[in-house]
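Q: Got a predicted structure here, sequence first:
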Amino acid sequence: MHPTALSLLLLLLLAHLAGDFLLQGKAWVISKQQRGYRSIPVYLHAGVHGLLALSVLLISQLGAATALLTALMIASSHLIIDILKSYAPEQVRYFLIDQALHLLVILLVWSFLVYPWPLPLLGSWLLDPKPLAILLAYVLITRPLSILIALVMQRWSDQIDNRGTLADAGARIGILERFLVLTFVLSGEFTPIGFLLAAKSVLRFGDLREDRDRKLTEYVLLGTMLSFALTLLLGLALRHLLQTL
């Protein structure tokens, strides 16, 4: 990728972050949540994004007409996405969806500016087995591996009193752990995996002194070891596959 193209992408991302988090007051956020498309700040906010994008595009020495049209596209898409989000409850999933849609628009706009015909380039990337294999591995360590681990641990789960734990917290912690482990393995950094496992063990050490919590502690540690082992094996197999491709 040419440095100028990368700089344009980074500037567009910086403009988005500045517009969404630095130049948007709490009063605007509340107004958008309460009034939706009837809120004046929702249009002002989109205008700020349009002006920021226009500044970036002009700095990047694009033609005035191209810069203006692109900035209008970014501002209008931001307006539509924010209006739709205003009708969604304040939850993490909708925040992530909102940001993902904004970033997708920026990536699409940038790709058409840098690569006038990006579809062949995108198609060749999607047909490359290496990114597909990595994507497959990250998908496997989420719900599929969680279900497998739950089935393996089922013989002990009936013996555990988990009324004092958060609902679904264990499964989500496991997914985050596997994400970190797989990332470390693919990066060739195995030392942090040991620290991660040690930290998990230390957190449960206090419960080992409580006989009433011994079963829960053993159950958690067994599940952790199984999760780590499966992810390590998957990561090592993927590293070997990537080296042979």
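A: Everything's here; your move.

Q: Tell me which helix or strand the nearest residue to Ser39 once chain neighbours are set aside sits in.
A: Nearest non-adjacent residue to Ser39, counting by Cβ to Cβ, 6 or more residues apart in numbering: Ser31, 4.5 Å away. C-beta: built from backbone N, CA, C; applies to glycine. Counting by DSSP states H and E, the element that carries Ser31 is helix 26-35.

Q: distance of the residue nearest to Ser39 from Leu17?
A: 21 Å (Cβ to Cβ, to the nearest Å).

Q: swap in Glu177?
A: 28 Å.

Q: If you count surrounding residues, which of these two has more?
A: Glu177 (19 against 14; other Cβ atoms under 10 Å).

Q: Please name the residues that touch that one.
A: Leu196, Lys200, Thr224, Ser227, Phe228, Thr231 (Cβ atoms under 8 Å, 6 or more residues apart in numbering).

Q: From Ser201, how far off is it?
A: Going from Glu177 to Ser201 by Cβ to Cβ gives 12 Å.

Q: C-terminal to the lowest-mean-pLDDT helix or strand in the chain, which secondary structure element comes first?
A: Of all helical and strand segments in the chain, the minimum by mean pLDDT, DSSP states H and E falls on helix 118-126, at a mean of 58. Proceeding N to C from helix 118-126, the next assigned helix or strand is helix 129-140, under DSSP H and E.

Q: buried residues in that next one?
A: By 16 or more other Cβ atoms under 10 Å, the buried positions in helix 129-140 come out as Ala137, Leu140.

Q: circling back to that earlier point, out of the contacts of Glu177, grab the one that's most surrounded.
A: Among the contacts of Glu177, the one with the most neighbours (other Cβ under 10 Å) is Thr231, at 25 neighbours.

Q: Tell me which residues touch it, please.
A: Ile141, Leu145, Glu177, Arg178, Val181, Leu182, Val185.

Q: pLDDT below threshold where in the protein?
A: 1-3, 116-127, 159-168, 203-214, 216 (pLDDT under 70).

Q: does the residue most central in space within it sit in a helix or strand, and which one?
A: Of all residues in the chain, the one closest to the mean position by Cα atoms, centre = their mean is Leu96, 7.7 Å from it. Using DSSP H and E, Leu96 falls within helix 92-114.

Q: Ok, Val181 next?
A: Going by DSSP H and E, Val181 is in helix 169-187.

Q: Buried residues in that helix, which are they?
A: Residues of helix 169-187 classed as buried by neighbour count (16+ other Cβ under 10 Å): Gly170, Ala171, Ile173, Gly174, Ile175, Glu177, Arg178, Val181, Leu182, Phe184, Val185, Leu186.
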